[in-house]
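K.L.:
Provided below are the primary sequence and the corresponding predicted coordinates.
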Amino acid sequence: MRINSIRFKASVLYTSVLCVILLGFSTALYSLTRHILYENIDQSLRLKGSEIANILASYDRLNRTCPLPRDIINKLLGVDYRTRLLIDDLWRADIKALQLKKDYIYIVNNAGRVISKSDNFKPGIAALFRKDIPISLSSVHFADIKYNGKRFRAINLPFYSNNRFRFVIQLASPLDAVHRILNNLLYFIGISILFILGLTSFLGGFFASRILKPVLHITRLADEISHTDLNLRIEEIAGDDEMKSLIYSFNGMIDRLEEAFEHINQFSSHVAHELKTPIAIIRAEMELALSSERDIDEYKNVILDSLEEIDRLTRIIKDLLLMARLDYSPEVFGFKRIDLNVLIDEICRHATVLASEKEISVTSSLSEKPVYIQGDHTHLTRLFFNLVTNAVNYSDKNGNINLALKIRYGKARISVSDTGIGISVEDQEKIFDKFFRVHKGKTPGNGLGLSIAQSIVKAHQGEITVKSRINEGTTFTVELPLS
């Protein structure tokens, strides 16, 4: 498994998250177990102290008829207590049940005088008692103490009889069993975590491989697709929605690439055709001029024809460069606030001069209020002048061209209408394609004017549409957002 693979990263992420969860759960389990064990031993200490207090109270009641032995606790711990035959078998059973032989017991009265203590209560443990569990006459409290490498849980238990203080019982029991359980629990948790992490790491890698198997399949198929066979597609397979979405997106990308390659091929063939024709004409004119001796006027005509074709080549190249800049270099636009009323009026004046040769009338219908947009004055002028030029070229003598400016649905709508020969429905879908011309040979041009116009409109976040009927006229409509 490679370190830089998705499978490895997914396995590590899954294992890490699971490790955090297990550690959190194990910590909570250990803390809860420890709390329960300590609660149990605290209850046991409280019970032992209460039982000792009850036994001492019983001796106190017996004291009214017979003297109290000096060392009560020793007698309670099983030391010979021949002087107390009055304690019956029930008390002996209770004392045995308390299991006090391993405990440290210390009993004092309210004056601080030691009433009794267990035989194992040495000076060392006495010092620990004074330090870690000081005598309190008012409250019950617990503490942990450590003596001779062992840990103990201790209690301070005041005893009252008939609503008056009698003495304090301090009792410490070993925590060996508790720590043994906690240590075993830690060992079990550690082994379990390592086992679970190892298992989940293996299973995570296995399931990651299964999940990524469709991706590897897509990769292999994608490697087989090249520019020569863009018609290939990845077959949709049964699986997760994400994989289906990936396949759908990939096939969509191939569709767009195929369309782009087809467009490039068509564009290249159109460019080659458009450039080949003037070059062929120039070559033919030159070869004809060199084929025999000719007079000066004939040579001049050859040169003039060649210059016209060169001008045509120059216009095509300039238009191609302009389109490339419009589509891929938005910095060529210098947007500023423009009043379309002023711009359209300016276009009308130029169009009147252009249409005068064919005696075509040019009219305009402008907005009563200023119509402002953010646009590039130079390119917008080229856009509308291209539309007006087409209207003039494809209109008959004594025709009419109208430019109208309106505001509709928060946008500026500019329409250029003519009474020309019109465009068929089939051709209307192609007129914005590069090098497409409706009536080839009848009018000058290279078929790039409307493509350039569309690129300018898109750069202004607008839209251009066309409506036309044969022999009735054409209307181009441009919609631009207001500023």
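P.N.:
Alright, I've got the coordinates. Residues are numbered from 1 along each chain as shown.
K.L.:
now Leu23. Nearest residue, chain neighbours left out?
P.N.:
Once flanking residues are discounted, Leu23 sits nearest to Ile193: 7.3 Å by CB to CB, 6 or more residues apart in numbering. Backbone N, C-alpha and C define where each C-beta goes, glycine included.
K.L.:
do Tyr394 as well
P.N.:
Going by CB to CB, 6+ apart, Tyr394 has Gly420 as its nearest residue, at 4.0 Å.
K.L.:
next, that neighbour: secondary structure please.
P.N.:
coil (DSSP: H, G, I helix; E, B strand; the rest coil).
K.L.:
show the pLDDT at Thr228.
P.N.:
pLDDT recorded at Thr228 is 66.
K.L.:
try Lys146
P.N.:
Reading off the model, Lys146 has pLDDT 85.
K.L.:
likewise Arg34?
P.N.:
For Arg34, pLDDT reads 90.
K.L.:
ok, now which ones touch the closest residue to Leu383 other than its chain neighbours?
P.N.:
Using CB to CB, 6+ apart and skipping the chain neighbours, the partner closest in space to Leu383 is Ile456 (4.5 Å). For Ile456, the contact set (CB atoms under 8 Å, 6 or more residues apart in numbering) comprises 326, 376, 379-380, 382-383.
K.L.:
now the residues you listed as JSON lines including pLDDT, secondary structure and distance to Lys467?
P.N.:
As requested, the contacts of Ile456 are arranged in JSON lines below (pLDDT from 0 to 100; DSSP: H, G, I helix; E, B strand; the rest coil; distance: CB to CB, whole Å):
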{"residue": "Leu326", "pLDDT": "64", "secondary structure": "helix", "distance to Lys467": "25"}
{"residue": "Asp376", "pLDDT": "86", "secondary structure": "coil", "distance to Lys467": "26"}
{"residue": "His379", "pLDDT": "84", "secondary structure": "helix", "distance to Lys467": "24"}
{"residue": "Leu380", "pLDDT": "89", "secondary structure": "helix", "distance to Lys467": "21"}
{"residue": "Arg382", "pLDDT": "85", "secondary structure": "helix", "distance to Lys467": "22"}
{"residue": "Leu383", "pLDDT": "87", "secondary structure": "helix", "distance to Lys467": "18"}
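K.L.:
break the chain into its domains for me.
P.N.:
6-182, 241-328, 333-481 (automatic domain parsing).
K.L.:
return the most buried member of these.
P.N.:
Neighbour counts (mean count of other CB atoms under 10 Å) averaged over each of the domains of the chain peak at domain 333-481, with a mean of 17.
K.L.:
Arg382 and Glu479, how far apart?
P.N.:
To Glu479, Arg382 is 18 Å away according to CB to CB, to the nearest Å.
K.L.:
got the domains of the chain as CSV, with distance to Leu197 columns?
P.N.:
Listed next are the domains of the chain as CSV, based on distance: least, CB to CB, whole Å:
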stretch, distance to Leu197
domain 6-182, 6
domain 241-328, 27
domain 333-481, 56
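K.L.:
next one: phi and psi at Asp295?
P.N.:
phi -80, psi 170 (degrees, to the nearest 10).
K.L.:
contacting residues for Leu29?
P.N.:
185, 189.
K.L.:
okay, and it sits in which element?
P.N.:
helix 6-62 (DSSP states H and E).
K.L.:
which regions of the stretch 301-450 of the chain sit below the pLDDT cut-off?
P.N.:
319, 322-332, 435, 437-446 (pLDDT under 70).
K.L.:
show me the helices in it, by range?
P.N.:
340-355, 377-393, 425-428, 449-459 (DSSP state H, counting those that start in this stretch).
K.L.:
can you list those in a markdown table and add distance to Phe250?
P.N.:
Listed next are the helices of the stretch 301-450 of the chain as a markdown table, based on distance: least, CB to CB, whole Å:
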| stretch | distance to Phe250 |
| --- | --- |
| helix 340-355 | 44 |
| helix 377-393 | 37 |
| helix 425-428 | 34 |
| helix 449-459 | 27 |
